[in-house]
Structures are given as C-alpha cells and as structure tokens.
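Colleague: Let's see this in three dimensions:
(2 chains)
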Amino acid sequence: MLLWGSNAREAHPIFFHHLMTGLDNGATMYAVDPRRTSSSKFADMWLGLNLGSDVALANTVANHIINKGLVNTEFIAHSTQGYEEYKAAVAPYTLEHGEALTGLPGSAIAEMAEAYATAETAQILWTLGITEHHNAVDNVLALCNLALLTGHIGRWGSGLVPLRGQNNVQGGGDMGALPNKFPGFQNVTDPNHRAKFEAVYGVDLPAEDGIHLTLMFEAMERGEITTAYVIGENPADSEADIQHARKLLSGLDMLVVQDIFMTRTAELADVVLPASVGWAECEGTVTSSERRVQRVRAAVPPPGEARHDQDIIGELARRMGYDWGQPTSEDLWEELRSLSPLHGGMTYARLESESGLQWPCPDLGHPGSPFLHGWLWEDDLGGREPSPFSIVEHQGPKEELSEEFPYRLTTGRSLDSYNTGVQSGGYDSPIRYGDALDINPADAQRLDLVDGERVLVSSPRGSVEMPIRVQPDIPVGLTFTTFHFPELVDINLLTNDAWDKRSGTAEFKAAAIRIEKLATPAVPEPVAGA
Amino acid sequence: MTSRQQPVAASETAVTISVNGSDVSVPEGGTILDACSAAGIETPTICYAENLTPVNACRVCVVEVENSRTLVPSCSRAAEPGMVVQTDSERVRHSRKMVLEFLGSGVDLSQADQLAPWMEKYGSDPGRYGESPETMNEEVRIEDNLYIRDYDKCVLCYKCVEACGDDAQHTFAISMSGRGFGARIATEFDVALPDSACVYCGNCVAVCPTNALQFKTEFDLREMGNWREEEQEVTQTVCSYCGVGCNLELHTQDERIVKVTSPADHSVTSGHLCIKGRFGWQYVHAGADEVDVQIGR
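Modeller: You can find the predicted model right below:
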C-alpha cells in the first residue's frame, strides 16, 4: 500500500481500520507525506518528501522500476499506449535527481519502487495531499502512470484509490452536480444524452457545459454572475483566499442560502431557507468513496420550520410555474434509475437487503462492481482504446518561499473535527485543541517561541493571530494547521487560491508564510494534546 | 491476458459434528458456537463478539465435548469432524450457573441485560454470598461528556481491550493492570481518559456487555430515571462525515438521538466507528429545546 498524501488514520478512520487489518495480515505500507502523520507511524517506511514534489517522486519511482526491468511488459503492450514516450520523459528522473527534488534518500525511493513493482497486488491510496495543488491533475496522472507501468489496476486487490472527503461528494458527482455531466456521467454536450433527459424532464436543456465553483467566483468578479443559491456549503469560510471570496459573495445582487445552521455564508444571505439534516431527518441515498450507494433514513423529525431539501426545491419550482407534485425520495430514485445506466439495477429493496451496492450496477441481476477498469485485462479491451501514459513534469508549489515569507504552510484535518466545524463543533471532544500552528522545535527555538505562544502568521494575502504547537513530527521549515475553527483562526485568509485549470481545486496545501513573535505575548498556555 | 477478478474463495469444505444428538455442519474453521447457532441453540456469552477475536476469559459459553477431560469454550474451539457436543448437560448447566453466580457476587450486574435471562435459566443466585455484590465500591468515573467508566460493573471480559487494540482501533490506550481482586482495566499509569492515548472512538463502549462503559447520554438519562430502552427506535443510516460510508444505528427516544452504534455485520465498519461517527451527531439537536418552546412542543 502506498498511502500518498493522505492521513487516513484521522481523516478516514474506519477505512484505516481496513488498512491496519492488511498490515496485520502481512501487507507492507509506505506513507508518502511531508508530515510525519499519525497514519505514517503505522507504515513500514515514511517518505517525508518536500511539499509539492509528488510528480518528481512518482517519475523517479517510474524510472527506477523501468531501469530495474520490473515493468509489466505484457500489460504495457496489451493495455497501454505511449510507453516509449513516457519512458523517455521520466529518464531524467534518476535517483540522484529525484533525491535533489524530493529531499528523500535515493535508497528509500528505490525500496518503495521495487516493493510496489514486485508486489502481487498493490494499491496507491491518496487524498487531498495530491489534489489540493495547483498541478493536482498532474499529480493524479503521475500516480496513474505507476499503475499502468506495473499492471496494478483493474484486478482484485490492486488499484488506484482516491479517498473521498465527504459522505456524499461521490454521489453529488454521480447525480450530475457537475457542470458538464448529467446523472450517471452522461455528457451535457452529447445530443443523444440530452434528448434522453429532455424526454423525461419535459424541458429543453442547455447544450453547453456550465462552469464549476472556482469559475463561478471569477464570473462574480466580472459581474457576470449576480445571483447565487448555495445549498449545504459554507464557502464564506471554506474557500482559499477567503477575504476575496467573502467580498464577492457580499457583492451579489441576491444570495440565497439553504442550510441547517446560520453559517458565515448564511449571514451574508438575503434569504435563508432552513433545511433539515440529510442523514438523520431525511430519506434518500448517499454514495461513498467505494461507489457504494446506501440508504439514509429519517430517525427524527426536522425542528421548527425546517424542511427537507427536496420539499424546498420542489416549492421553489412550483413558484416558478412547475408543479412537480409531492414525489417521495424513492420516486426520485426510480426516475434516476431509468436515466442512469450505472444505477439501473439498484432498487431501494436491493440497497436495503444487500447493504448497499457499488456502481456500475446496470440491471437487477448485476451484483455491483467492487472495482473498475477490469476491461484493461480483457482480450479486446472491451472494445476500448489502450489506456495512455501521461507525460507530466515536476513543478513545485505555485508560491515560492522568499525572504519575506520563508516558511511553508499546509492545512488538513484532525481526527475529531470536520471542515469548517459547522457539524463537528456541536459536540464536546476531549481531544480537541483548536487550530494551532504546528512547528518544528528547531524553528520555534530560532524564532524564540514557546509551545502555546500566540504569534502573527502572514502570507501575501493576509494575517492571522494563532497559537503555535511545537511538534517534532513536523519537519523543519514546514508548518501545519487544521481549518476547523474559522471563528477563532481565519486560516483561509492565508491560503493560496491558485488553482488547477483542469480540476478547479485551489492549492490549500502550499502557501508561503512568515511567523512573527507578538510584541507583548500573552502568558502562554500549553496546548492540550501537544 | 488473465487477472484475478475475485477474492480467494473461503473454504467450501464443511465439517459435521453432533450437537445434542443432531448432526450440524459448519464451514471448515467454524467453531462449536457457530454450530450451535446453526442448530438454533442459543448460548450465553460475555467475552465473545462476532467482531472480536475470542479470548476465552469468561467461560460462560462452555460445552461438554465427548472424551474431553474439561469443558471447552464453544466460542473459540473449532468444530472437528465427528465431535460429539452436549450443550445442556448437568455438568454444563452447573458450570454456567456457577460462573454467572460468582461474577454476580463481585460485580454489579444490574445493567447486564443480556445475562439476566441466563442467570434465571440456570438458577444463579449471587445472593447466596451476601445481600449485595462485594464490589470495589468505586465512584463512577466521569471525565468528559462522551462516556463514563463504572468499575463496579466490570467483569474483566477484555472486550474493550481488544476493541481498543488489534481487533479494531489499534490505539492500545487500555490494558489489564493489577492482580487478583485488584485486577482492572486501566489506561497507562491509570491516568484520566483525556490524558491517555484514548481517541474516543467509543468502540470499547459498544462492545461492553455490562454497561461498565456507558455513553454519557445513556448515563445521564439513567440518572434521571428516563432511560426507556424498550421504547427506543433504531434507524439505520449513513454517517455524515468523510466518505467511507459507515452505517450508523441511531437509537432514538422522544424524537432525540440518545445513542449511536453500527451493525457488527456490515462490511464497511464491522460495528466499529470513529469519534465523529459515534459522538458527532449532537448538532442534529442543536438549539432544539429553544425551537420546541417556540412552537409549543
């Protein structure tokens, strides 16, 4: 297992149970992360690479596998294309060059490369350490290349495992909450797909792709978007370079927020529609990281005047002149089944009796799909083209360190909290310490700081005051904080909104900062859990 | 091109044993307890759980096996071809009666609901040894708002140690300490929970058979005399945090969530949760009291 840019022990704890079972059964784990995370302490080896050098590491691993003759020649010939060009592109990434770019010993890179290539089954598992970068898609493609090189894809026990961060972020995409897709990943621009949906919905549908969230903010800036309807999201706390995002939201002609709490975004709204809790007050489905569709059920009624999202949207439609009646969640699901081939075989009854089903599940007799890309091993590739290698080069973080901003800041989750704290703030965790800046003891000493001391942290975009937590697990020059308490530490004032043009994700993982001692420091209090 | 598209199949060889005179088959590697369950014979257990490795601590599931000098724990002993098992012989009944009686003589079993019917069935009477159990008489440890520890109710079954250790959580915050009557489950150096390695997943609480470990919500309602388990409803749903898809069982009373568990037979969780899934539900009722007043509920 290559756990790469993921602290699953804290961010996906029950998934990590499965990894630990694997370790107990004799599996080997390499943890690739700039931080010595709690997950990495379970690994056979921790590879603490320079932040943002993931492509360099992947290319070095690939080159070493090639040089050692450990590639899966048969698989490459049958199932891939562009190997020779790829081989030439990674050739400059020698162990020495890889060492220089990643800061890792060449021997460690070589060990991981050989272990991955020679394993009977192997998985690469990643989270936002890969995708919250300005070159996020390059990072993902670099890992995909490794799977193609070794044939660790499309078969039982091997594969590429991106861990989703929210309980239904997978389902949101599956259901067409993407600017270019209808439910079941059917293309908006494909006339046949569009005609299918138009026939059922009874309206003409736009023939062109919409825009994603990051582009929406840019459109707000140009004055092209003047109205926003925000459902169950708190962008006024969660966006990178938050001051900019708040200014844009505040400048809208009309902002409607539908949420269960008066979030910072809701406070900016012209109209707030009180919603109910999806997983405890509503009927429906969510889809997990492993593409497993499962039922959520109402256990308690919504409080006061709060209503189900489905009712609110239906009522809005009625005011706009479309009466959709009073469909149940199962009625909506049946419509979805009729339109999305991936979900065709998933009735509510089956979801109930089979503990959820993994798509694709096209018909009632289909057992669901534990993994994807099995076609790579079929004699005719299922009629598809061989999978291409992608040539990607090391770039490093967008924002370089400078004399003015000499420290690297990266952000992430802690075990007991979640995102902007809207939900996790509701319970009293004994292991919660608030947002604090983790810093290496040597750096703390250099800056004349003690554990718990409040400091001024600045990036090119803004400044916040926050306590430090002296941590030997964080390398010299790197700092880390969670982002769960925006009311106390408005950390996204600092983060960089440079984003990948292909994925729309901002580089939350790499900002350049400076840390300043406050003129009259308050009496330091040790931070619990430090 | 060929590749493995399925997991290695479990053994399909069956083992047949005799239980109370009837033949019963279980898959190779199955236990006597599995055979009893397959035959519809209920068996008392304390330290056994389907999502934990058997530790053979409680001895209440013992059965008689022909040609075995001692009684054997059915939860861990593999079924062997031709084994002849008695689950309701005088010797078995007597042993189970005494095990439960001795436990009841030194431990407060008042909330060990799963044991009460067995004590009645076997005629266990801890009162023979004194009016009330001779416990350590310790105060309930309330160190945070998530769960409590009531040592007087602990039968030292090890389940919590296993759930905290390599059967699930791999945190190893608790272990057995002390000897004899002073033996107890303890954190490192017996420090308070918030100062220990505990990460508050609550998996120890979920497997505790005697309520020695208890969710604070349940403890508070019991203190108020308002814990009405027989009226509670259980609704299965999916956790709202992260993307793993852990199934939750929401135990509700008076339209409020009072406890969260997970089904032990679910492929994602095996019954185990993290701190967010186990305790992070409280926002569902944030401000609910005020709303109830406003709408006159």
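
Colleague: in the stretch 1-150 of chain A, what residue is nearest chain B?
Modeller: A:Pro13 (3.6 Å; Cβ to the nearest Cβ). Placement of C-beta: from N, CA and C, glycine included.

Colleague: which one is that residue nearest to, not counting chain neighbours?
Modeller: B:Cys274 (3.6 Å; Cβ to Cβ, 6 or more residues apart in numbering or on different chains).

Colleague: Per-residue pLDDT of residue 37, please?
Modeller: Let's take chain A. A:Thr37 carries a pLDDT value of 96.

Colleague: nope, chain B
Modeller: For B:Ser37, pLDDT reads 96.

Colleague: if I've got this straight, B:Val99 is in a helix?
Modeller: Yes. Going by DSSP: H, G, I helix; E, B strand; the rest coil, the assignment for B:Val99 places it inside a helix.

Colleague: that older thread, what does the residue of the stretch 1-150 of chain A closest to chain B show for phi and psi?
Modeller: phi -60, psi -40 (degrees, to the nearest 10).

Colleague: does it really touch B:Tyr200, like I thought?
Modeller: No. Between A:Pro13 and B:Tyr200 there is no contact under Cβ atoms under 8 Å: 10.9 Å.

Colleague: Show me which residues of the stretch 51-200 of chain B sit near chain A.
Modeller: The stretch 51-200 of chain B has residues B:143-146, B:166, B:168-170, B:193-194, B:198-200 near chain A, with proximity defined as Cβ under 8 Å from any Cβ of the partner chain.

Colleague: where exactly do the helices run in the stretch 101-250 of chain A?
Modeller: A:106-118, A:128-131, A:136-150, A:169-174, A:191-201, A:213-221, A:235-238, A:242-250 (DSSP state H, counting those that start in this stretch).

Colleague: Then the stretch 1-150 of chain B?
Modeller: Using DSSP H, counting those that start in this stretch, helices in the stretch 1-150 of chain B cover B:32-38, B:90-106, B:116-122.

Colleague: which residues touch the nearest residue to A:Val489 once chain neighbours are set aside?
Modeller: In space, and not counting its chain neighbours, A:Val489 is closest to A:Asp435: 4.0 Å by Cβ to Cβ, 6+ apart. Residues counted as contacts of A:Asp435 (Cβ atoms under 8 Å, 6 or more residues apart in numbering or on different chains) are A:Met466, A:Thr481, A:Thr482, A:Phe483, A:His484, A:Phe485, A:Leu488, A:Val489, A:Ile491.

Colleague: Produce a PyMOL select command limited to the buried residues of those residues.
Modeller: If you want just the buried ones from those in PyMOL, going by 16 or more other Cβ atoms under 10 Å in any protein chain shown, the selection is:
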select buried, chain A and resi 466+481+482+483+484+485+489+491
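
Colleague: Going by distance to chain B, which of the contacts of A:Asp435 wins?
Modeller: For these, with chain B as the reference and Cβ to the nearest Cβ as the criterion, the closest is A:His484, at 11.2 Å.

Colleague: Are we agreed that that closest one is in a strand?
Modeller: No. Looking at A:His484 with three-state DSSP, it is coil, so not inside a strand.

Colleague: Work out which residue lies at the spatial centre of the chain.
Modeller: Let's take chain A. A:Leu128 (4.5 Å; Cα atoms, centre = their mean).

Colleague: my bad, the chain I had in mind was chain B
Modeller: B:Val207 (3.2 Å).

Colleague: So for the closest residue to B:Ile17 other than its chain neighbours, what's the pLDDT?
Modeller: Nearest in space to B:Ile17, with sequence neighbours left out and distances taken as Cβ to Cβ, 6+ apart, is B:Met83 at 4.0 Å. We note a pLDDT of 96 for B:Met83 in this prediction.

Colleague: Quick check on B:Met83: phi, psi?
Modeller: phi -60, psi 140.

Colleague: OK, contacts around it?
Modeller: Counted by Cβ under 8 Å, 6+ apart, B:Met83 has contacts B:Ile17, B:Ser18, B:Ile32, B:Val65, B:Glu66.

Colleague: re the thing from before, the residue nearest to the centre of chain B against B:Tyr158, yeah?
Modeller: No. B:Val207 is beyond contact range of B:Tyr158, at 9.8 Å (criterion: Cβ under 8 Å).

Colleague: all helices of the stretch 251-400 of chain A, in order?
Modeller: Using DSSP H, counting those that start in this stretch, helices in the stretch 251-400 of chain A cover A:264-267, A:278-281, A:309-319, A:329-339, A:348-353.

Colleague: So which of those is the most surrounded?
Modeller: Most buried of the helices of the stretch 251-400 of chain A by mean neighbour count (mean count of other Cβ atoms under 10 Å in any protein chain shown) is helix A:278-281; its value is a mean of 22.

Colleague: so what does that one touch, helix or strand wise?
Modeller: strand A:284-287, strand A:292-296, strand B:233-238 (3 or more Cβ pairs under 8 Å, 6 or more residues apart in numbering or on different chains; DSSP states H and E).

Colleague: Make JSON lines out of the helices of the stretch 251-400 of chain A and add mean pLDDT.
Modeller: Listed next are those as JSON lines, based on pLDDT from 0 to 100:
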{"stretch": "helix A:264-267", "mean pLDDT": "95"}
{"stretch": "helix A:278-281", "mean pLDDT": "95"}
{"stretch": "helix A:309-319", "mean pLDDT": "95"}
{"stretch": "helix A:329-339", "mean pLDDT": "97"}
{"stretch": "helix A:348-353", "mean pLDDT": "97"}
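
Colleague: ok, how many other residues are close to A:Asn72?
Modeller: By the other Cβ atoms under 10 Å in any protein chain shown criterion, the neighbourhood of A:Asn72 contains 18 residues.

Colleague: Can you tell me how far it is from A:Ser79?
Modeller: Remark: distance between A:Asn72 and A:Ser79 (Cβ to Cβ, to the nearest Å) = 9 Å.

Colleague: shared neighbours, these two?
Modeller: A:Gly151.

Colleague: thought A:Arg164 was touching A:Gly172?
Modeller: No. Between A:Arg164 and A:Gly172 there is no contact under Cβ under 8 Å: 9.8 Å.

Colleague: The two: which is more packed in?
Modeller: Legend: neighbour count by other Cβ under 10 Å for A:Arg164 and A:Gly172, higher for A:Arg164 (22 against 15).

Colleague: What sits closest to that one if chain neighbours are left out?
Modeller: Leaving aside its chain neighbours, A:Arg164 sits nearest to B:Gly243 (3.1 Å; criterion: Cβ to Cβ, 6+ apart).

Colleague: helices or strands up against the one helix or strand in chain A whose mean pLDDT sits lowest?
Modeller: When the helices and strands of chain A are scored by mean pLDDT, DSSP states H and E, helix A:235-238 comes last with a mean of 90. Applying 3+ Cβ pairs under 8 Å, 6+ apart, one finds that helix A:235-238 contacts helix A:242-250, helix A:264-267.

Colleague: among these, which is nearest A:Arg318?
Modeller: helix A:264-267 (23.4 Å; Cβ to Cβ).
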